[in-house]
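Colleague: Mind folding the following:
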Amino acid sequence: MGHIISKIPMDPQFARIIYFGYALNLFEEAIIAAAIINTKNPIVCVQDKAIEGFIQKLRYSDYLGDSDVIAGVRAYFYWKEQKKALQLNGEDEFQWTKNNGLSLFTLSKKKFFSSLFIY
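Modeller: Residues are numbered from 1 along each chain as shown. A predicted model of the protein is given here:
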């Protein structure tokens, strides 16, 4: 395992998450989780609206109190599903993410995923 992880061009802790995600057939979920840990959670929690942010986190964790990372992964997949179903783009997508307590900036793939790799 160490030999394989050393060949992946990223921090070993993120490479390990992705390695086990692949082994457990949760590859995409593992990549999203690693990106959330490395950057920030897509669920918005404004300091003066902490209760609303906590409720959003609970909503994305199915009210089970899952970790912030698991809730963030679920939020990402919900956004991805709704973007396709509702054909969200531009201002509509921005409004949708704002109304659903998510940060479109954080969800943007280029910044979100490229933060994992060491160039």
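
Colleague: Quick check: next helix or strand after the strand or helix carrying Ala50?
Modeller: Assigned by DSSP states H and E, Ala50 belongs to helix 50-60. Using DSSP H and E, the helix or strand that follows helix 50-60 in sequence is helix 68-86.

Colleague: just how off-centre is whichever helix or strand comes after that next one within its chain?
Modeller: Tracing the chain C-terminally past helix 68-86 and defining elements by DSSP H and E, one meets helix 90-99 next. Computed by CA atoms, centre = their mean, to the nearest Å, the separation of helix 90-99 from the middle of its chain amounts to 17 Å.

Colleague: what's helix 90-99 packed up against?
Modeller: helix 68-86, helix 104-107 (3 or more CB pairs under 8 Å, 6 or more residues apart in numbering; DSSP states H and E). Every residue, glycine included, has its C-beta placed from N, CA and C.

Colleague: Least confident of those, on average?
Modeller: With a mean of 86, helix 104-107 has the lowest mean pLDDT of the helices and strands packed on helix 90-99.
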